[in-house]
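S.K.: What would the 3D arrangement of this be:
(one chain, ligands or ions: 1)
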Amino acid sequence: MRIVILASGTGSLAQAIIDSVASGDLEVEIVGVISDQPDAMVLQRAGKSEIKTFIVPMKANRSDWDRDLSTLVESLKPDLVVSAGFMRILAPDFVSHFRVINSHPALLPNFPGAHAVRDALSAGATQTGATIHWVDKGVDTGKVIAQVRVDISSDDTQESLHERIKIQERGLIVATIRSLIPGLESEN
Ligand code: GAR
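M.R.: Here you go, the predicted model:
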């Protein structure tokens, strides 16, 4: 099974997938890691593991960028696209053409959007977590595949809470991709 990873930043989720593939725990081929950010650490991480990396920087004309991303992903022929810390909203045509999952640092439908950890803290929530979901045309509205809960402590900062979420999220994304393999293979 061929997967493409989309990521914008540090790439610790991508690294968890890369490590699981390298150890044989996850039987997929990572055919590319794509970032919208030229300096994203995820590109170095993937490069170290000799995975092909691609940069698709945002353009003044958003639909040109959508087309560039779609053309690139199409050329990689993925069975699954994994959005793992990708901080861009994918175009409706993209999500209807490719099978896309996203990892989100909250228990959806609570706290969608780009500031999920901050929003959970400022709402005074006592629990949050991470969600892996299918991506549809909305923002973090697609069908939930898997979730994990994380308790919020009274002394949590955004950074401490996000790091605890990400520890859980790394395991969840790998386990979720693994769980999707049989279904995706039978569709081929
Ligand atoms: C993860 O917590 C992921 O859920 C979040 O970015 C982090 C990426 O961490 N994504 C979003 O907030 C998307 N709305 P990483 O760069 O260490 O993999």
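
S.K.: Flag every residue of this structure that's near the ligand.
M.R.: 9-14, 84-85, 87, 103-105, 114, 116, 166, 169 (Cβ under 6 Å from any ligand atom). Placement of C-beta: from N, CA and C, glycine included.

S.K.: how about 8 Å then?
M.R.: 7-15, 41-42, 83-87, 102-105, 113-117, 130, 140, 162, 165-166, 169-170 (Cβ under 8 Å from any ligand atom).

S.K.: So which of those belong to strands?
M.R.: Among the residues of the chain next to the ligand, DSSP state E puts 83, 102-104, 130 in strands.

S.K.: List the residues that contact the residue in the chain that the ligand sits nearest to.
M.R.: Closest to the ligand within the chain is residue 85: 2.7 Å, counting by Cβ to the nearest ligand atom. Contacts for residue 85 (Cβ atoms under 8 Å, 6 or more residues apart in numbering) come out as 7-14, 42, 103.

S.K.: same thing but at 10 Å, please
M.R.: 5-14, 35, 40, 42, 102-105, 166, 169, 173 (Cβ atoms under 10 Å, 6 or more residues apart in numbering).
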